[in-house]
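Visitor: Structure for the following, please:
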Amino acid sequence: MLTEAEFTIDNPWRGQGMPGFDPKGVSINVAAPLELLKLCPSAKATPLVACPDLAKALDIARLDIKDESQRMNLGSFKALGAAYAIAKQAAAKRQSDHESQNADWSEVLSGEVFVTSSAGNHGLSVAAGARLFGAKAVIYLSKHVPADFAKRLRGYGAEVVVAGDTYEDSMDAALARAKAEGWQIMSDTTWPECYTGVDIMEGYLVMAAEAFDALEQPPTHIFLQAGVGGLAAAVAALARDYYGDAPHITVVEPDEAPALQVAIKAGKVISSGGDVSIMGRLDCKEASEVALAGLAAHADAFMTISDANCKRLIAELAAAGLACSASGGAGYAALKLAKSQGLYGLNDQSRVLLFLSEGAFDD
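Guide: This is a model prediction of the structure:
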């Protein structure tokens with residue numbers, strides 16, 4: 001059942017968008033990332049897993065889970081984002097710069113430095129994309145990001161800097177370094193001075209398109225876990241393009257970091273506050289502006305879940321062969337709680353789509 005810290009709210013801006021925000025959010029141009037991601041040697045579709053036993057236990061008609069745990073050998077959906085955004089820059093430079101037109105792809109961005117803050121997975125995508133096209137990556141992490149991520153980042157040739165208690169602290173440090181050094185920020189969030197997150201969200205459309213094209217029937221419900229909101233916004237935007245108003249879309253956040261929910265209530269980006277969550281990659285206290293704009297128009301509800309319930313419920317995924325972190329399985333935990341509480345019209349005819357956004361990392 002829902003704890004006192006867990007809430008669900010209906011989206012008051014559904015269908016119209018929030019005043020002062022572009023309701024379309026991210027562009028739904030799937031063709032561009034599909035083409036450019038071919039430059040990445042490990043790019044291939046991830047599986048959509050039918051889960052009849054879990055569906056039966058939930059008393060719903062069908063449950064499909066898009067498994068991103070092996071995406072491009074980086075372990076999460078984030079591999080699609082920065083790798084595509086960096087590939088887009090490489091392609092643009094090759095087209096506009098005479099000296100780069102005949103350069104090997106592995107040297108096109110030689111001399112460029114991309115810097116970002118990350119809760120782990122985004123940094124891996126920046127590091128892998130930078131190395132692929134000859135650039136350098138500098139990744140800032142908060143002290144709560146597991147050491148395994150720092151080790152993996154260095155394995156891709158990235159410089160790793162640990163700074164601050166929160167994602168927002170590490171982002172401030174990354175921004176200061178970028179300004180001092182004249183480097184490019186490659187952030188997966190957006191604000192008025194930084195819109196690299198738009199290209200990154202465009203990369204996430206590939207994951208959504210793969211899932212929708214593989215489904216036998218349209219889903220009636222989609223649960224989307226969110227940190228700053230990039231994954232949720234990209235999937236929701238494409239879902240509306242594919243299916244119109246039909247699927248009920250629920251955005252899921254940790255109760256310690258309800259950045260989108262508080263922004264929807266306030267009508268603007270504000271800090272949610274809160275303690276550290278075990279859902280580390282979702283533990284972001286401020287929403288991405290472009291993601292918020294899209295979700296205000298496209299999402300039906302915003303739900304928060306507690307660490308305790310998330311940890312308890314995602315154990316069922318591991319038993320079904322879909323091991324994941326608390327961050328990666330938060331959508332499933334929310335589905336279980338929602339069904340047990342009779343929320344969102346879930347019943348024995350429901351067809352639910354989830355995204356397992358990362359594998360079984362230590363949180």
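
Visitor: Domain boundaries for this structure, per the record?
Guide: 8-76+198-356, 79-187 (automatic domain parsing).

Visitor: Turn these into JSON lines, including mean pLDDT.
Guide: Shown next, in JSON lines, are the domains of the chain (pLDDT from 0 to 100):
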{"stretch": "domain 8-76+198-356", "mean pLDDT": "94"}
{"stretch": "domain 79-187", "mean pLDDT": "88"}
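
Visitor: what would those domains look like in JSON lines with mean neighbour count?
Guide: The way it works is simple: take the backbone N, C-alpha and C, and place the C-beta from them, glycine included. Shown next, in JSON lines, are those (neighbours: other CB atoms under 10 Å):
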{"stretch": "domain 8-76+198-356", "mean neighbour count": "21"}
{"stretch": "domain 79-187", "mean neighbour count": "20"}
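
Visitor: which residues in the chain form strands?
Guide: Under the criterion DSSP state E, the chain contains strands at 8-10, 48-50, 62-67, 113-118, 136-141, 159-162, 184-185, 221-225, 248-254, 301-305, 351-356.

Visitor: got the angle between the fifth one and strand 113-118?
Guide: Between strand 136-141 and strand 113-118, the angle comes out at 20 degrees (axes from the mean of the first three to the mean of the last three CA atoms, to 10 degrees).

Visitor: helices or strands up against strand 136-141?
Guide: When contacts are defined as 3 or more CB pairs under 8 Å, 6 or more residues apart in numbering; DSSP states H and E, strand 136-141 sits against strand 113-118, helix 121-132, helix 147-155, strand 159-162, helix 167-181.

Visitor: measure A338 to L313 for me?
Guide: Between A338 and L313 the distance, using CB to CB, to the nearest Å, works out to 11 Å.

Visitor: Ok, I185 next?
Guide: 36 Å.

Visitor: next one: L238
Guide: 27 Å.

Visitor: Ok, W13 next?
Guide: With CB to CB as the criterion, W13 and L313 are 29 Å apart.

Visitor: Ok, S117 next?
Guide: Going from S117 to L313 by CB to CB gives 29 Å.

Visitor: go on, E256?
Guide: 17 Å.

Visitor: repeat for A150
Guide: Taken as CB to CB, the span from A150 to L313 is 29 Å.

Visitor: cool, and D241?
Guide: D241 sits 31 Å away from L313, going by CB to CB.

Visitor: mind listing the helices in the stretch 251-363 of the chain by residue range?
Guide: 259-266, 289-298, 307-313, 315-319, 330-340 (DSSP state H, counting those that start in this stretch).

Visitor: CSV please, covering the ones you listed and showing distance to T189.
Guide: Listed next are the helices of the stretch 251-363 of the chain as CSV, based on distance: least, CB to CB, whole Å:
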stretch, distance to T189
helix 259-266, 10
helix 289-298, 8
helix 307-313, 22
helix 315-319, 27
helix 330-340, 18
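
Visitor: who wins for proximity to A173 among those helices?
Guide: Closest to A173 of the helices of the stretch 251-363 of the chain is helix 259-266 (CB to CB; 19.6 Å).

Visitor: chain center to that closest one: distance?
Guide: Offset of helix 259-266 from its chain centre (CA atoms, centre = their mean, to the nearest Å): 18 Å.

Visitor: list the helices and strands that helix packs on?
Guide: strand 8-10, strand 248-254, helix 289-298, strand 301-305.

Visitor: Next, the angle from it to helix 289-298.
Guide: Using the same axes, to 10 degrees: helix 259-266 against helix 289-298 is 60 degrees.

Visitor: ok, residues contacting helix 259-266?
Guide: Contact partners of helix 259-266, identified using CB atoms under 8 Å, 6 or more residues apart in numbering, comprise 7, 9, 11-13, 18, 226-229, 232, 251, 253, 269-272, 284-287, 291-292, 295-296, 302-304.
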